[in-house]
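Trainee: Can you look at this prediction? I've put the sequence above it.
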Amino acid sequence: MDIKPLLFIGSSKEGLDIAKALALKLSEVAEISIWPDIFDFNKSYFDNLISQIAFFDYAILVATSDDTIVSRNEKSKGARDNIIFEFGLFTGGLGSSRVFLVMQDGIKIPSDLSGISLPFISDPASPDFDASVGEAVRKIKAHIVNKENTFDLGFLPSTALAYGYFTNFVERTVERLLEDKADHKEFVLMDENKFKILIFRFTILIPNDLHDDMFKKVKAKRLKDGWQKLKVDPKDVRDYDFSIDVSKAHHGELHLVDIPFTLNALNKAIELYSKKEHIGKSNKEAILEHREIRNFKRTLDYLIDSSSITKGIVNIEIVDI
């Protein structure tokens, strides 16, 4: 499972065609929702926006010349005040590197934005309108592709949980067992069979949903796949109770498998954020859950490949448990 990042595009009614044009050109790199499709019934626009921010990875606000502004006795064209407000709202929630204000040429820019590089587009009636939209899209697309190689601490804790799981468990475990492999230590399985590690592999299984307790998922996987337990004596770290996939333990291959219990905390964080008061899962909760699972996996992938200890030994699978 590798879903695209989620992108919100907001505009005034007058700028909706531009928002749709941006969405069409950016659909290659993101799953896109356009104002006002994301709004729920029986909520104010403000409450809708506040409740939606954490569901998105990026946002674009389209500022078109919809209003005439008189400032210090001078007239100029300006964007709707709601667009500028929403730009600030999303910037505060997602961070300035994940929110874009696409400005139409010739409109008044708030003084607080002076000196900031912004993507500009021409007037829709201008002959170079399509080219200007294409250039804005090119820059935004390149920024998103580059940004997807970084991991931010956002509203929900998937990045922090992945970092803690890797540094406190995965990396230490691999280092510890590589030492035992080098020392030619013998291991004893539950069935009393002994073996020495000749090949060492570690697979992290990440469930494709969080609807059940991780302890139950681990128990179910152990029972269905016939995993055995292996206890490793502590040295400078705590002792661990490992699960061994005996179906892959051929000729001295030690194949550890683990389902991160820490995902329970992520599940609870999603429930608290979405103020869940029902049984079952709404579409928005499912989107948020998949996004956080994706971010947890991507963070782990990066950390695993960046560590000389775990690279080439640890891999991740998204599984249906």
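Mentor: Yes, it's here.

Trainee: which stretches of this protein form helices?
Mentor: Along the chain, the stretches classed as helices by DSSP state H are 16-26, 45-52, 81-94, 129-147, 158-165, 171-182, 214-225, 263-273, 283-306.

Trainee: Quickly compare those and say which is most buried.
Mentor: Greatest average neighbour count among the helices of the chain goes to helix 158-165 (a mean of 20), per mean count of other CB atoms under 10 Å. C-betas here are computed from N, CA, C, even on glycine.

Trainee: Now do that one, average pLDDT.
Mentor: For helix 158-165, the mean pLDDT works out to 90.

Trainee: repeat for stretch 313-321
Mentor: Throughout stretch 313-321, pLDDT has a mean value of 89.

Trainee: picking that back up, Pro110: which of the helices of the chain is closest?
Mentor: Nearest of the helices of the chain to Pro110, taken as CB to CB: helix 81-94 at 6.2 Å.

Trainee: which residues are contacting that closest one?
Mentor: Residues from elsewhere that reach helix 81-94 (CB atoms under 8 Å, 6 or more residues apart in numbering): 8, 10-12, 15, 45, 49-50, 53-54, 56-59, 61-63, 67, 99, 101, 110, 154-155.

Trainee: Output the helices of the chain as JSON lines; include the columns distance to Glu253.
Mentor: Listed next are those as JSON lines, based on distance: least, CB to CB, whole Å:
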{"stretch": "helix 16-26", "distance to Glu253": "45"}
{"stretch": "helix 45-52", "distance to Glu253": "48"}
{"stretch": "helix 81-94", "distance to Glu253": "44"}
{"stretch": "helix 129-147", "distance to Glu253": "38"}
{"stretch": "helix 158-165", "distance to Glu253": "24"}
{"stretch": "helix 171-182", "distance to Glu253": "11"}
{"stretch": "helix 214-225", "distance to Glu253": "16"}
{"stretch": "helix 263-273", "distance to Glu253": "27"}
{"stretch": "helix 283-306", "distance to Glu253": "19"}
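
Trainee: For Val314, which of those is the nearest?
Mentor: Nearest to Val314 among those is helix 283-306 (4.9 Å), distances taken as CB to CB.

Trainee: ok, now which ones touch the nearest residue to Trp227 once chain neighbours are set aside?
Mentor: Using CB to CB, 6 or more residues apart in numbering and skipping residues adjacent in sequence, the residue nearest Trp227 is Ser243, 4.5 Å away. Listed by CB under 8 Å, 6+ apart, the contact partners of Ser243 are Val218, Arg222, Trp227, Gln228, Lys229, Leu230, Leu256, Val257, Asp258.

Trainee: And these, which of them are buried?
Mentor: By neighbour count, with 16 or more other CB atoms under 10 Å, these hold Val218, Arg222, Trp227, Leu230, Leu256, Val257, Asp258 as buried.

Trainee: Could you double-check that Leu7 sits in contact with Ile60?
Mentor: Yes. If you go by CB atoms under 8 Å, Leu7 and Ile60 touch, sitting 6.8 Å apart.

Trainee: between the two, what contacts are shared?
Mentor: Common neighbours of Leu7 and Ile60 are not found (criterion: CB under 8 Å, 6+ apart).

Trainee: Leu6: what's it in contact with?
Mentor: The neighbourhood of Leu6, defined by CB under 8 Å, 6+ apart, consists of Ala30, Glu31, Ile32, Ser33, Phe55, Phe56, Asp57, Tyr58, Ile287, Arg291.

Trainee: Alright, I will stop here.
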